[in-house]
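Colleague: Fold the stuff below for me.
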Amino acid sequence: MEMTLFSQASLHTLAGTSLAVLVIVQAIKELPFIRQIPTQPLALLVGMILLLILAPPIPPTRIKWATDLLNGLLSGFVAIGGWHVLVAKKTKKK
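Modeller: Now for the predicted structure:
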């Protein structure tokens, strides 16, 4: 079995999608035209776009569209929460 960081199978999991959102947001956050966008809404937007791109066929029903958008929001929220945990650990005073 081939081990890759961002395979189609790993991106279809919540952890894989959330990691991808975190990496993408950190990579594009310093671009001049994106720097003005707050990080949390950017992460939610990246999560929704990523899930819509990963869903191979265009969703045929409104329920599938809604499910994909909600899953994208969920992956964005998980990425935001993960980032806060990392930052809190780093900045926590003993």
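Colleague: Just the local confidence number for the residue nearest in space to the middle of the chain, please.
Modeller: Centroid check for the chain by C-alpha atoms, centre = their mean gives Val21 as the closest residue, at 2.6 Å. You'll see Val21 listed with a pLDDT of 89.
Colleague: Contacts for stretch 79-93 next, please.
Modeller: Defining contact as C-beta atoms under 8 Å, 6 or more residues apart in numbering, one finds that stretch 79-93 is touched by Ser18, Leu19, Val21, Leu22, Val25, Thr39, Gln40, Ala43, Leu44, Gly47. For glycine as for every other residue, the C-beta is placed from the backbone atoms N, C-alpha and C.
Colleague: Next up, the contacts around the first one.
Modeller: I take that to be Ser18. Gly47, Ser75, Gly76, Val78, Ala79, Gly82 are the contacts of Ser18 under C-beta under 8 Å, 6+ apart.
Colleague: so where does the spatially closest residue to it that is not a sequence neighbour fall, helix or strand?
Modeller: In this structure, Ser18 finds its nearest non-sequential neighbour in Val78, 4.0 Å apart by C-beta to C-beta, 6 or more residues apart in numbering. Assigned by DSSP states H and E, Val78 belongs to helix 62-91.
Colleague: which parts of that helix are buried?
Modeller: 68-69, 71-80, 83 (16 or more other C-beta atoms under 10 Å).
Colleague: Any chance of TSV for the contacts of Ser18, columns distance to Arg35 and pLDDT?
Modeller: TSV is the format used below for the contacts of Ser18 (distance: C-beta to C-beta, whole Å; pLDDT from 0 to 100):
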residue	distance to Arg35	pLDDT
Gly47	19	87
Ser75	23	86
Gly76	19	88
Val78	24	88
Ala79	18	88
Gly82	22	84
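Colleague: That's all I had, so thanks and see you.
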